[in-house]
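any chance you could fold what I've pasted below:
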Amino acid sequence: MADADQHSPMQKMMGDFAPTFVELTDDVLFGKVWSRTDALLARDRSLVTITSLVSSGNYEQLYAHIPMGLANGLTKDEIIEAITHVAFYVGWPPAVSALTIAQKIFANPPQQQA
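As a prediction, the model looks like this:
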């Protein structure tokens with residue numbers, strides 16, 4: 001069995017509690033859906049995901065997906081602009097909530113793994 005450092009974020013979060021959910025997240029969502037390159041690059045998928053999370057009010061997930069977007073090639077300015085743009089479609093309060101989280105993430109960026 002792999003050591004704890006090699007577990008996915010979802011495995012670390014709820015591997016013992018919901019193993020089937022973890023397997024679907026790791027193998028299907030991030031294994032198959034995110035690895036598809038026929039139409040969208042990972043960068044584009046991140047942009048769509050971030051704006052979808054803002055639109056649906058799933059702000060907690062931004063803590064994972066904003067850093068993932070940066071790792072996938074989005075810039076801080078592109079993320080801020082995308083959230084600003086969707087504010088006109090989903091409302092100002094959701095955008096304020098998302099920008100508040102983004103500001104925290106950008107002020108304290110996650111450490112890059114070696």
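
which pLDDT value belongs to Pro110?
Looking at Pro110, its pLDDT reads 69.

list the contacts of Ser97.
By CB atoms under 8 Å, 6 or more residues apart in numbering, the contact list for Ser97 reads 57, 59. All C-beta atoms are positioned from the backbone trio N, CA, C, and that covers glycine.

now do 10 Å
Applying CB atoms under 10 Å, 6 or more residues apart in numbering, we find Ser97 in contact with 54, 57, 59, 62, 83, 91.

excluding chain neighbours, give the residue nearest to Ala98 in space.
Val54 (4.3 Å; CB to CB, 6 or more residues apart in numbering).

got the buried residues for the helix or strand encompassing the one you found?
In the assignment (DSSP states H and E), Val54 maps to helix 42-56. Across helix 42-56, burial judged by 16 or more other CB atoms under 10 Å covers 42-43, 45-47, 49-51, 53-54.

so for it, what's the average pLDDT?
Helix 42-56 comes out at a mean pLDDT of 96.

of the contacts of Ser97, closest to Met13?
Distances from Met13 to the contacts of Ser97, taken as CB to CB, are shortest for Leu62 (15.5 Å).

if I look at that closest one, how far off is Asp38?
Distance of Leu62 to Asp38, computed by CB to CB, to the nearest Å: 27 Å.

residue closest to the middle of this structure?
Centroid-nearest residue in the chain: His65, 1.3 Å away (criterion: CA atoms, centre = their mean).
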